[in-house]
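Peer 1: pasted the sequence and its predicted model underneath.
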Amino acid sequence: MTDRFVSHDQARTIYDHIGRWQDTRPRSERRALESLLEHAAFERASAVVEFGCGTGRLAARLLRERLPERAAYLGMDVSPRMVTLAREAVALWRERARVVQTDGSVRLPAADGAFDRFVSTYVLDLLSPDDTRRLLEEAHRVLRPGGLLALASLTSGQRPISRALSSAWLRVWRLDPALMGGCRPLRLAATLPDDAWRVRVRMTVTDLVLASEVVVAERR
């Protein structure tokens, strides 16, 4: 891997430009998100924070289908355009759901132990290793003991065509990360320190030849 990652300002620009087009790619993420919803026990959650909420598509689904009626949701994103779209998506639940714009840092505007679920999908594959480490430290801080970390990201494929796509993706990313939206295949579970997290679920799923890793881990 290379140490060339998109900056926070570049990420903001990329996702401002993508906007609602982000929701045209759900088929390549469908199985990963279904697995995340199945294994992260959102039905028993009381407070959820999502880092990198994008258009709010997942947030709206959680509020509509999974979360208890009194459960609170906080979403955050670096892109003003995404924040606007996400606020529209959760408007029906405005009394218990809010979306805030971040400055690009991974510091979470929340008290220690404020949440029992931390969600981030297709974001860690955008972050540098240092930002990933800091974000996981923040997730550990804002989760209650026993709270669940629910993550999904691009990963290396297991099937021949999926492996070939992953290799090609990584080659282009090495040339210019912005060409791939800043994202690259990642070994997600390897980023979790054993002394902080107990992995409950780890799986690789493939949709439309694109491989994703899903991890659900309990805060120790």
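Peer 2: Here it is on my side, so go on.

Peer 1: okay, CA-based contacts and neighbour counts for the rest of this
Peer 2: OK.

Peer 1: what is the longest helix of this protein by residue count?
Peer 2: helix 160-175 (DSSP state H).

Peer 1: check the offset of it from the chain's centre.
Peer 2: Its chain's average C-alpha position is 21 Å from that of helix 160-175, according to CA atoms, centre = their mean, to the nearest Å.

Peer 1: mind listing what's buried along that helix?
Peer 2: Going by neighbour count (16 or more other CA atoms under 10 Å), the buried part of helix 160-175 is 162-163, 165-167, 169-170, 173-174.

Peer 1: so which elements touch that helix?
Peer 2: Other helices and strands packing on helix 160-175, by 3 or more CA pairs under 8 Å, 6 or more residues apart in numbering; DSSP states H and E, are strand 210-219.

Peer 1: CA atoms only: put the strand it packs on into CSV for me.
Peer 2: Presented in CSV, the C-alpha positions along strand 210-219 are these (Å, rounded to 0.1, in the frame of the first residue of the first chain):
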residue,chain,number,x,y,z
LEU,A,210,-17.4,-6.2,-6.1
ALA,A,211,-16.2,-7.7,-2.8
SER,A,212,-17.1,-6.1,0.6
GLU,A,213,-16.0,-7.0,4.1
VAL,A,214,-18.6,-6.8,6.9
VAL,A,215,-17.5,-6.7,10.6
VAL,A,216,-19.6,-6.5,13.7
ALA,A,217,-17.5,-6.2,16.9
GLU,A,218,-18.3,-5.7,20.6
ARG,A,219,-16.7,-3.0,22.6
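
Peer 1: sorry, back to before: average pLDDT across the longest helix of the chain?
Peer 2: Along helix 160-175, the predicted local confidence has a mean pLDDT of 85.

Peer 1: which residues are in contact with that helix?
Peer 2: Outside helix 160-175, the residues that touch it by CA atoms under 8 Å, 6 or more residues apart in numbering are 1-2, 4, 155-157, 179-180, 182-185, 206, 209-211.

Peer 1: out of those residues, which are buried?
Peer 2: Buried by 16+ other CA under 10 Å: 155-157, 180, 182-185, 206, 209-211, out of the contacts of helix 160-175.

Peer 1: returning to what we had before: ok, the buried residues of helix 160-175 vs residue 12, which is closest?
Peer 2: Within the set of the buried residues of helix 160-175, residue 173 lies nearest residue 12; the separation is 17.7 Å, counting by CA to CA.

Peer 1: gap between that closest one and residue 182?
Peer 2: As judged by CA to CA, to the nearest Å, residue 173 and residue 182 stand 7 Å apart.
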